[in-house]
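[1] Next one to model:
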Amino acid sequence: MALIEIRGLSAAFGNTTVLDQLDLSVEAGTTLAILGGNGSGKTTLARHLSGWSGDGDAVRIDGKPLAGRSIAERASLIQYVGQVPSRHLSGRAFSVRDEIAFGPENLLLPRGEIARRVEAALERTGLTGLAARDPFTLSGGEQQRLVLAAALAMEPEILVLDEPVSNLDPEARGEVLDILAELVGRVTLVWLDTSPELLRQLGGRLLRLEEGRLHEVDPLELPPKTDIAATEAKLSALPTFRAAAYEPVPVALGAAASPPVLAVERLSFLYAGAAPLLTDLSFRVGAGEILALIGPNGAGKSTLLRLINGLLKPRAGRIEIAGRDTRKLRVDELAQHVGTVFQEPEYQIFEPTVRREVEFGPRQLGVAKAVIESRRDAALTRTGLVVEADRHPLDLTHAQQRFVAIASVLANAPKLLLLDEAQRGLDAVHTERLEAILAAERAAGTATVIISHDLDFVARNATAILDLGAR
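    A predicted model of the protein is given here:
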């Protein structure tokens, strides 16, 4: 008998069916990879399989309905690592070590056993040096490793992974893949992702989730492997500034005669009680430039964006946007020049419809009604959200929510666009849409700063690189 049996699982959101009488069998100790596009129902399937959603007898583990098991029994049997790590944090732990211990403690395990599991999980995920940090002060990638560590500390029979490495830099991604490779054959692994490349690396049986059903995939049907040599050649051809050089990134040739849109001069920043994160950093971004910030998780990439848009204040140094010192600009004045899309777009969305969300920024800036409507309609068209305009943004898929955030900043017509992992978790269709937006903004003279761990994406779109990992 299979360890996991799903029979006739259906799920819908409003009038949209995402799982349609789905069937699945998974043998104990096997590895299953499920490929699906944005909105295909991957997360819905993962949540049902993990006991986070649904009830009834559709999901059975070892012959017993999952819904009939206690929470403690489910937690020790199945662990789920999702796309948004902050949603998995308990909120009751003040350190990384305590967060990992939270699950085993609630199973009432002996103290010695809890300590053993915690230390092993810290070591396996490379978090030992961050064990005393508050989980909510970690970067998105560090939180992702923490969530995985907490899951591993439960020593489950089944590990369900929903795009588990999308937040991670290339080195950390490789480390997590190595961890999972060690689990193959010992733990039943179910990995759901938009990336054929990642699923190919994991190995095992491969299925595609499409139109609510699972279909076997012939490996020959997958896109060819990424040409690493070609990507490296493109990256090496880009102007690359390293944070230790203390010299500004050169402005593109076409922009050399005009002032840069963004100028950062000898910027330094640290969080209270922590080592300096950014030190004496200088660079410029001209009109039509796309600067990619790269570097390992925790290098300060997201912090730098928050310094640029005024959410954080530098310890030393100066930031100018369109020739004006940001320290002398009010929030509304900054908003006229800068548009930011954060890693987790649902946290910057608050209006009851997509239409109103996209209109919000221009309304606050006092833009004329006819201009607001024109900008709104153009932004909705560019982001593929026209049909969704009257829906609540939080009812959309995570990819669509990301484009709601993008549409909202485009409607402000900013001179400077800041995108923090905007391509993360997007399938090929949505990635192509994002790249078309970047190309159009570049042609219009918008200066753009992107954060990305996807070096293929960087190679295709950036005009210069700032490497915060080279110190």
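[2] Could you use CA atoms for every contact and neighbour count after this?
    Will do.
[3] Can you name the residues bridging to residue 240?
    Going by DSSP bridges, residue 240 is paired in beta bridges with residue 465.
[4] Tell me how many other residues surround it.
    For residue 240, the count of nearby residues is 17 (other C-alpha atoms under 10 Å).
[5] how near is it to residue 445?
    Taking C-alpha to C-alpha, to the nearest Å as the measure, residue 240 falls 21 Å from residue 445.
[6] Then residue 439?
    When residue 439 is compared with residue 445 (using C-alpha to C-alpha), they lie 10 Å apart.
[7] likewise residue 421?
    In this structure, residue 421 and residue 445 are 21 Å apart, going by C-alpha to C-alpha.
[8] Those two: which is more packed in?
    residue 421 (21 against 16).
[9] domains for the protein, by residue range?
    The chain resolves into domains spanning 4-221, 228-467 when parsed by automatic domain parsing.
[10] Generate CSV for those, with mean pLDDT as supplementary columns.
    Converted to CSV, the domains of the chain look like this (pLDDT from 0 to 100):
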stretch, mean pLDDT
domain 4-221, 90
domain 228-467, 90
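[11] helix/strand/coil for residue 17?
    Following DSSP: H, G, I helix; E, B strand; the rest coil, we place residue 17 in the strand state.
[12] cool, and the one 5 residues further on?
    Classification of residue 22 by three-state DSSP places it in strand.
[13] For it, name its beta-bridge partners.
    residue 9.
[14] what's the spacing between it and residue 215?
    10 Å.
[15] Settle it for me: which of the two has more neighbours?
    Using other C-alpha under 10 Å, the more surrounded residue of residue 22 and residue 215 is residue 22, with 18 against 14.
[16] Let me see the contact set for the more buried one.
    6-10, 212-214 (C-alpha atoms under 8 Å, 6 or more residues apart in numbering).
[17] residues touching residue 200, list them.
    By C-alpha under 8 Å, 6+ apart, the contact set of residue 200 is empty.
[18] in what helix or strand does it lie?
    helix 196-202 (DSSP states H and E).
[19] which secondary structure elements does the helix or strand just after that helix contact?
    Next along the chain after helix 196-202, taking DSSP H and E as the criterion, comes strand 205-210. Counting contacts by 3 or more C-alpha pairs under 8 Å, 6 or more residues apart in numbering; DSSP states H and E, strand 205-210 is packed against strand 31-35, strand 213-216.
[20] Which residues outside stretch 53-68 are in contact with it?
    Applying C-alpha under 8 Å, 6+ apart, the external contacts of stretch 53-68 come out as 1-9, 44, 47-49, 51, 74.
[21] residues contacting the closest residue to residue 214 other than its chain neighbours?
    For residue 214, ignoring the flanking residues on the chain, the nearest one in space by C-alpha to C-alpha, 6 or more residues apart in numbering is residue 208 at 5.5 Å. Contacts for residue 208 (C-alpha under 8 Å, 6+ apart) come out as 34-36, 214-217.
[22] Check the spacing between the closest residue to residue 105 other than its chain neighbours and residue 97 real quick.
    Leaving out its chain neighbours, the residue that sits closest to residue 105 by C-alpha to C-alpha, 6+ apart is residue 114, at 6.8 Å. According to C-alpha to C-alpha, residue 114 stands 11 Å off from residue 97.
[23] got it, and residue 137?
    According to C-alpha to C-alpha, residue 137 stands 14 Å off from residue 97.
[24] next one: residue 352
    When residue 352 is compared with residue 97 (using C-alpha to C-alpha), they lie 38 Å apart.
[25] So which of the two has more stuff around it?
    Shown here are residue 352 and residue 97; by other C-alpha under 10 Å, residue 97 has more neighbours (25 against 13).
[26] name the element the more buried one belongs to?
    helix 96-106.
[27] who does that helix touch, helix- and strand-wise?
    helix 111-124, helix 140-153.
[28] Now do the last one and helix 111-124, the angle between them.
    Yep, that's helix 140-153 we're talking about. Computed by axes from the mean of the first three to the mean of the last three C-alpha atoms, to 10 degrees, the angle separating helix 140-153 from helix 111-124 equals 140 degrees.
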